[in-house]
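**Student:** Everything below, folded, please.
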Amino acid sequence: MPAIKTILRRLAAPGIIALALFSGNSVADAVRTIKIATAAESKPLSWGAIGHEPQGYEPDVLRAINARLPQYKFVMEGAADIAQETGLVTGKYDMATGGYYKAPARSKQFLIPDAPVGASLMKIYSRSDSQINSMKDLVGKNIVPVTAGGGVYKFVTQWQQDNPNDKITIKASSAGVPYPDRLKEVQNGKYDALILPSNLGEQTVIDNQKLAIKASEPVAINNTYVLIHRSAENQALSDDINTSLQALKADGTLDKLSQKWFGEDVTKYMK
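**Tutor:** Got it, this is the predicted structure:
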């Protein structure tokens, strides 16, 4: 009898080991790594180049989302704007954040959860001694060129269509000049004004470099969204992100993070 028990144990052991290995792999496979591109130089929205832990409003929101979704492991990496969307299209990144607006072209190209991650307040930056406070004050002014097809360009184009009697001249550019340099160009008189969302850290640049630049009240308000690489596998991820963002807004987490990084509750502007 002892011999039979020994044989049975020997026969059973490989099966037990295989079952243990299978169970271990199942647990590991259940946690999916999600690679995320975040803005590298847009303090306080998001900053932190490759090799540095991303900081700011959007990275903190992503951490709060991940805390609610243990089936995923978020890995964030700072990237330049053009690298974010290119990497998202190719599948290098699963997700991207960077103050993105929802647009028809983006909705076709990417998965975009319905719930916004934040709100972008479009403002006009001009010299402190200027009389520029609204869009109509930009008539006849020399405005800093904006990214072709970007959110600012679309906003100004739509505003012009809605206000045909107030002609504003704005040029589209793909030069990609950093906005801190653009603020300096307004300061030195090369341009009269710069139109940008206020969540890119303009005020920090103005304060740190002691620029005589003022910001207008918001001239437009837009929701900002998470972009997700379009694939069948990522549909569940998009749904999970959407549910988590709704919960984080409802429990006040987005408000607290907004106060922490922007000094105001931008979530009240979310539509």
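**Student:** residue contacts, the residue lying closest to H52 once chain neighbours are set aside?
**Tutor:** Spatial nearest neighbour of H52, chain neighbours left out: G78 (6.7 Å); criterion: Cβ to Cβ, 6 or more residues apart in numbering. The C-beta positions use only the backbone N, C-alpha and C, and glycine is treated the same way. Listed by Cβ atoms under 8 Å, 6 or more residues apart in numbering, the contact partners of G78 are 37-41, 46-50, 52, 54.
**Student:** cutoff 7 Å now
**Tutor:** Going by Cβ atoms under 7 Å, 6 or more residues apart in numbering, G78 touches 38, 40, 47-50, 52, 54.
**Student:** Read off the pLDDT value for A13.
**Tutor:** A13 carries a pLDDT value of 46.
**Student:** ditto for the one 10 residues further on
**Tutor:** pLDDT, the model's per-residue confidence, is 45 for S23.
**Student:** What segments of the stretch 51-200 of the chain are strands?
**Tutor:** For the stretch 51-200 of the chain, the strands defined by DSSP state E, counting those that start in this stretch cover 72-79, 95-100, 110-111, 118-127, 146-147, 172-173, 193-197.
**Student:** Quickly run through the sheet partners of the third one, with directions.
**Tutor:** If you go by DSSP bridges, strand 110-111 pairs up with strand 220-229 (antiparallel).
**Student:** Give the rounded mean pLDDT of the strand it pairs with.
**Tutor:** Mean predicted confidence for strand 220-229 is 94.
**Student:** That strand relative to strand 193-197, how many degrees between them?
**Tutor:** Orientation of strand 220-229 against strand 193-197 (axes from the mean of the first three to the mean of the last three Cα atoms, to 10 degrees) gives an angle of 50 degrees.
**Student:** Pull out the CA atoms of strand 220-229 and give them to me as PDB.
**Tutor:** C-alpha atoms of strand 220-229 as PDB (Å, rounded to 0.1, in the frame of the first residue of the first chain):
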ATOM      1  CA  ALA A 220     -13.800  79.500 -25.400                       C
ATOM      2  CA  ILE A 221     -14.100  76.400 -23.300                       C
ATOM      3  CA  ASN A 222     -13.500  72.800 -24.500                       C
ATOM      4  CA  ASN A 223     -13.600  69.400 -22.900                       C
ATOM      5  CA  THR A 224     -10.300  67.500 -23.100                       C
ATOM      6  CA  TYR A 225     -10.200  63.700 -23.700                       C
ATOM      7  CA  VAL A 226      -8.100  60.600 -23.500                       C
ATOM      8  CA  LEU A 227      -7.200  59.200 -26.900                       C
ATOM      9  CA  ILE A 228      -6.900  55.400 -27.200                       C
ATOM     10  CA  HIS A 229      -5.400  53.300 -30.000                       C
END
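**Student:** Identify each buried residue in that strand, please.
**Tutor:** For strand 220-229, the neighbour count (16 or more other Cβ atoms under 10 Å) marks 220, 222-229 as buried.
**Student:** how near is S216 to R63?
**Tutor:** Using Cβ to Cβ, to the nearest Å, S216 is found at 32 Å from R63.
**Student:** Give me the more crowded residue out of these two.
**Tutor:** S216 (18 against 13; other Cβ atoms under 10 Å).
**Student:** Any idea how many residues pack against the closest residue to the more buried one other than its chain neighbours?
**Tutor:** In space, and not counting its chain neighbours, S216 is closest to I124: 4.2 Å by Cβ to Cβ, 6+ apart. Counted with other Cβ under 10 Å, residues neighbouring I124 total 24.
**Student:** what sits against L121?
**Tutor:** Counting by Cβ under 7 Å, 6+ apart, the residues that L121 touches are 197-199, 218, 221, 266, 269.
**Student:** now it, which residues is it bridged with?
**Tutor:** I221.
**Student:** Quick check: L88 touching T97?
**Tutor:** No - between L88 and T97 there is no contact under Cβ atoms under 7 Å: 10.5 Å.
**Student:** Much appreciated, bye for now.
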